[in-house]
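Novice: return atomic coordinates for the entry below.
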Amino acid sequence: MKIKICKIILFYFIFLFVQANAITNKIILKVENEIITNYEVKNKILTSLILAGNEITQENINKLKKQALESLIENKLKTIELKKFQIEKNSSQINSYLNSISGNDILALENKFKSNNLDYNLFLKEVEIQTKWQNFIYLFYKGKIEINENSVNNDLKKFVEKEKSFQEYNVAEIEIMTDRDSNIDQIALDFKNKIKNEGFETAALKYSISSSSKNKGNLGWISSRSLSKEIFEILKKLNIGEISQPIKRQNSILFLKLVDKRTSKVENVNINELKKRIIDQKKNEMFNLYSRSHLSKLRNSALIEYK
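Specialist: Next up, the predicted model:
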C-alpha cells in the first residue's frame, strides 16, 4: 500500500514538472507559420532590462510585456519576408554590433546572459534577423533614395555654426555597488548624506568602486561630443560644484559632480566631412521610413492568431 501511494505521489510530481515545462514553452501566438512562445517573451523582456541596465522587478517586467510581444511579432514578420529573398547572414555585421554594445568584450556579454539564466542564442538570432533586415531594406530601396541638395546645404549651415564650438565638462564621479534585492532609493539617500558629511572627494576615495577613486573621483575634462545623451542632459543642467541626483545602473549607483565647465572652439571645420555626415543621416532616416512602411504592409496582410 505504501509503495502504491509513493508511486502515486511520484507520478503527481512528475506530472507537475511536465506541466511547468509545458507552460514555459507554451505557444501564445502564431504569425503565419511562425510561432511565439511565452519563453521567448520572457527572454525578450529580461534581455531588454539587462542591456538597458535596468532592475529586474515585476513592475519593469509588466511595463515591457506589450513592447516585447510587438517586437517579437515584427521579428517573425521579418523572418518570413527574409526567407522569400534568401538574404544571407553577415557575421561581420553581427560581431560589429555585439562589440558596440559590449565594449568590445563579447565573451563578457555572453557571460552576462548566462549568469542571468538568459538564452544567449535567442538574442544572437534576433541580432542576425536585424542585420539581415537592414541589408534587405538597403537592397530593396536604395534606388528610391533621393537627397535634396538645398536641404543638405541648409542643414550644413546650421551644423557648421553648432560645430564651431562645444562644451567641455570637468567631472568627478562616485560609483557604489548595489545588488538586485537592495532598497536602491534608501541606499542613494544614505550615501547622499555621507557625501554631505565627508565631502565628495573623500567619499570617492573611500567608497567608489570606479578606477577614478584613486584620483578622488576626478575624470578630468570631457567633451560634450563624447558623452551619452543621458549624461550630457544631466551635466548641462548642473551648476559648477553641484552634485547630480543618483543615477541608477544595473548593479550600482552613480553620482556626478560638475567641477568646472568651459566652451571650446574648433578652429578648422571639415565641410566635406560634415556634408557627408548630413547626407548619411538623411539616407538613414529615409531607409528607416521605408523599413517601417514595409513592415506595416506585412503586418496588415499577415495572419496573426492569438492562442
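
Novice: now the helix or strand Leu69 falls within: buried residues?
Specialist: Per DSSP states H and E, Leu69 falls inside helix 58-85. Neighbour counts over helix 58-85 (16 or more other Cβ atoms under 10 Å) mark 64, 68-69, 72-79, 81-82 as buried. To be clear about C-beta, it is placed using only N, CA and C from the backbone, and glycine gets the same treatment.

Novice: same question, stretch 213-229
Specialist: Ser213, Lys216, Gly217, Asn218, Leu219, Ile222, Ser224, Leu227.

Novice: and the first one, how far from Asn251?
Specialist: So the one you mean is Ser213. Noted for Ser213: a distance of 17 Å to Asn251, by Cβ to Cβ, to the nearest Å.

Novice: those strands in the stretch 151-300 of the chain, which residues are they?
Specialist: Taking DSSP state E, counting those that start in this stretch, the strands of the stretch 151-300 of the chain run over residues 165-177, 218-223, 247-248, 252-265.

Novice: just to check, Ala302 is in contact with Glu32?
Specialist: Yes: at 5.7 Å, Ala302 and Glu32 qualify as touching, with contact defined as Cβ atoms under 8 Å.

Novice: what sits up against stretch 38-48?
Specialist: 23-26, 28, 56, 61, 64-65, 67-69, 71-72, 113, 116, 118-119, 122-123, 126 (Cβ atoms under 8 Å, 6 or more residues apart in numbering).

Novice: repeat that for 10 Å
Specialist: 21, 23-29, 36-37, 54, 56, 60-65, 67-69, 71-72, 75-76, 112-113, 116-123, 126, 307 (Cβ atoms under 10 Å, 6 or more residues apart in numbering).

Novice: re earlier: export the buried residues of stretch 213-229 as TSV, with columns for distance to Val160.
Specialist: Shown next, in TSV, are these (distance: Cβ to Cβ, whole Å):
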residue	distance to Val160
Ser213	40
Lys216	39
Gly217	36
Asn218	33
Leu219	29
Ile222	23
Ser224	17
Leu227	21
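
Novice: tell me which of these is nearest to Gly199?
Specialist: Lys216 (9.3 Å; Cβ to Cβ).

Novice: what are the ranges of the helices in the stretch 101-250 of the chain?
Specialist: Along the stretch 101-250 of the chain, counting by DSSP state H, counting those that start in this stretch, helices occupy 106-115, 120-141, 149-163, 184-198, 200-207, 229-236.

Novice: which of the ones you listed is buried the deepest?
Specialist: Greatest average neighbour count among the helices of the stretch 101-250 of the chain goes to helix 200-207 (a mean of 18), per mean count of other Cβ atoms under 10 Å.

Novice: what angle separates that one from strand 252-265?
Specialist: For helix 200-207 against strand 252-265, the angle by axes from the mean of the first three to the mean of the last three Cα atoms, to 10 degrees is 140 degrees.
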